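> I'll drop the sequence and a predicted model, then ask my questions.
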Amino acid sequence: MPALNEETITRTRGQLLNRHLFRLYALKVLPMVYLAGIRVTQCNDELCEVRMKYSWIVRNPFKSTFWAVLGMAAEMASGALFVAYTRDQQPKISFILIAQEGKFHKKARGKMRFVCNHTAQVREAVLQAMGDRERHEIQVPVRSLNEEGELLAEMQFTWVLQQRN
């Protein structure tokens, strides 16, 4: 079975967590993430956490956060794991989001966090994709919580991984 380059994973996580580097990256590649103020606050072997706060730019007419912005932040919580585990690895792995489901429980206001604690499953899926040329699907859930720890939304993302040609 192939192995992941742990030094590269650590370096990539550090770049995701560096507020200034991440904001520059977002401005260049993900301008809506930049405008919404989304940032990665934790990325380790146990979880990936993304935070954002309610502001005029992300609001909807119901004085809550627009559902698409919630989805964007939740996608970042799962997608950052794929970035960390695939960047500069050999063989090269591509990943793409193919489906998303969401369930909303409460108005999203104030400070919000999006937590993905399926790091081990993402790592295993990347290793499997590195080991063969097959297409691998993985479903990754993300939970959104408010400052009080109340559940705001549950989202599930389906990603496909495959070795690049």
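The structure has been received and is ready for your questions.
> can you pull out the low-pLDDT segments for this structure?
For the chain, the stretches with pLDDT under 70 are 1.
> what's the longest helix in it?
Looking across the chain with DSSP state H, the single longest helix is helix 67-86.
> what helix or strand does the nearest residue to residue 143 once chain neighbours are set aside sit in?
Leaving aside its sequence neighbours, residue 143 sits nearest to residue 115 (CB to CB, 6 or more residues apart in numbering; 5.3 Å). For glycine as for every other residue, the C-beta is placed from the backbone atoms N, C-alpha and C. Taking DSSP states H and E as the criterion, residue 115 maps to strand 111-116.
> and for residue 90, the neighbour number?
11 (other CB atoms under 10 Å).
> that one: which element?
For residue 90, there is no host helix or strand (DSSP H and E).
> can you pull the contacts of it?
Applying CB atoms under 8 Å, 6 or more residues apart in numbering, we find residue 90 in contact with residue 5.
> helices or strands next to the strand holding residue 115 in the packing?
Other helices and strands packing on strand 111-116, by 3 or more CB pairs under 8 Å, 6 or more residues apart in numbering; DSSP states H and E, are strand 48-53, helix 67-86, strand 136-146.
> and residue 158, what are its bridge partners?
When assigned by DSSP bridges, residue 158 has beta-bridge partners residue 99, residue 139.
> what is the burial count for it?
Counted with other CB under 10 Å, residue 158 comes out at 15.
> correct me if wrong: it contacts residue 99.
Yes: using CB atoms under 8 Å, residue 158 is in contact with residue 99, at 3.9 Å.
> neighbouring strands - and their directions - for the strand holding residue 115?
Note on strand 111-116: by DSSP bridges, its sheet partners are strand 48-53 (antiparallel), strand 136-146 (antiparallel).
> mind putting those strands in CSV, distance to residue 76 and mean neighbour count included?
Listed next are these as CSV, based on distance: least, CB to CB, whole Å; neighbours: other CB atoms under 10 Å:
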stretch, distance to residue 76, mean neighbour count
strand 48-53, 5, 22
strand 136-146, 9, 20
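> reformat these as CSV; add distance to residue 60.
Converted to CSV, the strands paired with strand 111-116 look like this (distance: least, CB to CB, whole Å):
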stretch, distance to residue 60
strand 48-53, 14
strand 136-146, 15
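> residue 64: which of those strands is closest?
Nearest to residue 64, of all those, is strand 136-146, at 11.2 Å by CB to CB.
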